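**Q** let's see this in three dimensions:
(2 chains)
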Amino acid sequence: MSPQWSAALAFVLVAAAVAVGTLVASRIFAVRARNKPPSRELTYECGEEPEGSAWVRFHPRYYVVALMFVVFDVETAFILPWALNLGPVDGGTLLVEMAIFVGILLLGWGYAVRKGALTWQ
Amino acid sequence: MIENPWVWGAVSGLVVVNVFMGVAAWSIWFERKFAGRMQNRPGPTQVGPFGLLQPVADLLKLLQKEDITPKNADAVLFNIAPPLGLLTVLGGMAVFPWGPGAWVPADLDVGILFTLSIASLMTIPVWMAGWASNNKYALIGGMRAAAQAVSFEVPLLLSALVPIILGGSFKLGDIVAAQADGAWFALWPPGPGAVAFLLFLLCSLAEANRIPFDIPEAESELVAGITTEYIGMKFGLFYLAEYMHTLIGSFLGAALFLGGWDGPGPDGVHWLVAKGLGLFALIFWIRWSLLRYRADQFMSVCWKILVPVALCTVSAAAVWKVYA
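**A** Model (predicted):
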């Protein structure tokens, strides 16, 4: 592992230790109830008895958002290395190539807008 | 200077993480004071002079709260989500340059990608918390948070592309160095830099679930969103993570668009801190001035306006880079 990545890993491990340490501290200092009424561990639903489970089927509009995200995120992943190589040398060719790629993508985006996929129903 | 990279990473991590947690804690005091003044009331006054010890009192209170995991919740996911949330926020700071030269914990070649990818992982613990609570408010909050985070991820990445193109590097230090002597990307080249800066600021607000994009925990409709079932320090970790996400977004904005440590007089970490905290205060100002977007509106704003604008900005920056 290169020294930079070792340092980054050490940093992340320290951050993890701080996050877990805070919870351990609350384990130590938190008060414990002597007797717990069963209502204390109920799911909060404005004071009523909770009505069924919350693990139910969900509206598919979230699925459409996830799909759009994948399309555009992969596109961004393609643009990133391209962005790094831009410069006076071969710059014009690179611009035309990316214009074609983004143009095709924008066609798809326009189609999604026309179909109403980007409208929250 | 410390030679061993592991020791250097750990020591700088300890310093950065603890300073950031402290700043985030006192920023809560600052925000309450600021909001109070804006609304013609004094804000916290009781604990210490000017209420300055309020974060300490809050921390002690949160530490002592009884730890309750709801009976119907998925206990494992419910309990690992809060520390994971804080970790995803803090981890991205590993590559942040605080000053010229060696003032960086880990000088990765892919610096900005590392930060952005770790910060975008925040979606997972937030949704995990929403799902594991087995609470309808929490679930809706988690779903909305996930949808919002992935939607605004796209314009955020595209706006961060502008400094990458102009600076010609993924290394945050190189991007800041490319803005030396006042050639900040928010000002120069005129146009794409400024637009990208505004987009970046807007998307950081959305990523950190701040007003006007705090739909995931819209308290008037969802009680407290994903944190509905959380209590004590676990709630505290989510709360802290949200503030720190905002804080890190402001510092990233300062480094990418406002020249980082560059400024009149001697360069150094003081300029970065001044710019970062200035942006942070601006976000509070926005929070206490604006209303919340409706859940159906943020989608349209993001996909129909921000994404095409961001693409145009990237194109303009690319043309500038090639021909100017």
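**Q** where does chain A dip in pLDDT?
**A** Counting by pLDDT under 70, chain A contains low-confidence residues at A:1, A:121.
**Q** the residue nearest to A:Phe101 when sequence neighbours are not counted: neighbour count?
**A** Sequence neighbours aside, A:Phe78 is the residue nearest to A:Phe101 in space, at 7.0 Å (criterion: Cβ to Cβ, 6 or more residues apart in numbering or on different chains). All C-beta spots, glycine's among them, are computed from the backbone N, C-alpha and C. Neighbours of A:Phe78 under the rule other Cβ atoms under 10 Å in any protein chain shown: 13.
**Q** do any residues in the top helix by length along chain A lie close to chain B?
**A** Assignment by DSSP state H gives helix A:3-29 as the longest helix of chain A. Yes - using Cβ under 8 Å from any Cβ of the partner chain, helix A:3-29 reaches chain B at A:3-16, A:18-20, A:22-23, A:25-27, A:29.
**Q** returning to that earlier point: surely the residue nearest to A:Phe101 is in contact with A:Val102?
**A** No - A:Phe78 lies out of contact with A:Val102 (Cβ atoms under 8 Å); the separation is 9.6 Å.
**Q** please, where are all the helices along the chain?
**A** You didn't say which chain, so I picked chain A. Counting by DSSP H, the helices of chain A are A:3-29, A:61-85, A:91-115.
**Q** let's do chain B instead
**A** Taking DSSP H, the helices of chain B run over residues B:5-38, B:54-64, B:75-91, B:111-120, B:123-132, B:136-167, B:172-177, B:192-207, B:219-222, B:232-257, B:269-289, B:295-300, B:307-323.
**Q** make TSV from the ones you listed and add distance to chain A, mean pLDDT and mean neighbour count to it.
**A** Below are the helices of chain B laid out as TSV (distance: least, Cβ to the nearest Cβ, whole Å; pLDDT from 0 to 100; neighbours: other Cβ atoms under 10 Å in any protein chain shown):
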stretch	distance to chain A	mean pLDDT	mean neighbour count
helix B:5-38	3	85	18
helix B:54-64	4	86	16
helix B:75-91	4	87	22
helix B:111-120	7	86	21
helix B:123-132	8	87	24
helix B:136-167	4	86	25
helix B:172-177	11	84	22
helix B:192-207	12	86	22
helix B:219-222	12	70	14
helix B:232-257	3	86	24
helix B:269-289	17	86	17
helix B:295-300	4	78	17
helix B:307-323	3	86	20
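**Q** out of these, nearest to A:Gly87?
**A** Across the helices of chain B, A:Gly87 has its closest neighbour in helix B:307-323 (6.9 Å, Cβ to Cβ).
**Q** CA atoms only for the closest one, dumped as CSV, please.
**A** C-alpha atoms of helix B:307-323 as CSV (Å, rounded to 0.1, in the frame of the first residue of the first chain):
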residue,chain,number,x,y,z
VAL,B,307,-28.8,18.7,-14.1
PRO,B,308,-29.1,20.5,-17.5
VAL,B,309,-27.6,23.7,-16.1
ALA,B,310,-24.7,21.7,-14.6
LEU,B,311,-24.1,20.0,-17.9
CYS,B,312,-24.0,23.4,-19.7
THR,B,313,-21.6,24.7,-17.0
VAL,B,314,-19.3,21.8,-17.5
SER,B,315,-19.3,22.3,-21.3
ALA,B,316,-18.5,26.0,-20.9
ALA,B,317,-15.6,25.2,-18.6
ALA,B,318,-14.3,22.6,-21.0
VAL,B,319,-14.4,25.0,-23.9
TRP,B,320,-12.7,27.6,-21.9
LYS,B,321,-10.0,25.2,-20.8
VAL,B,322,-9.3,24.1,-24.5
TYR,B,323,-9.5,27.4,-26.3
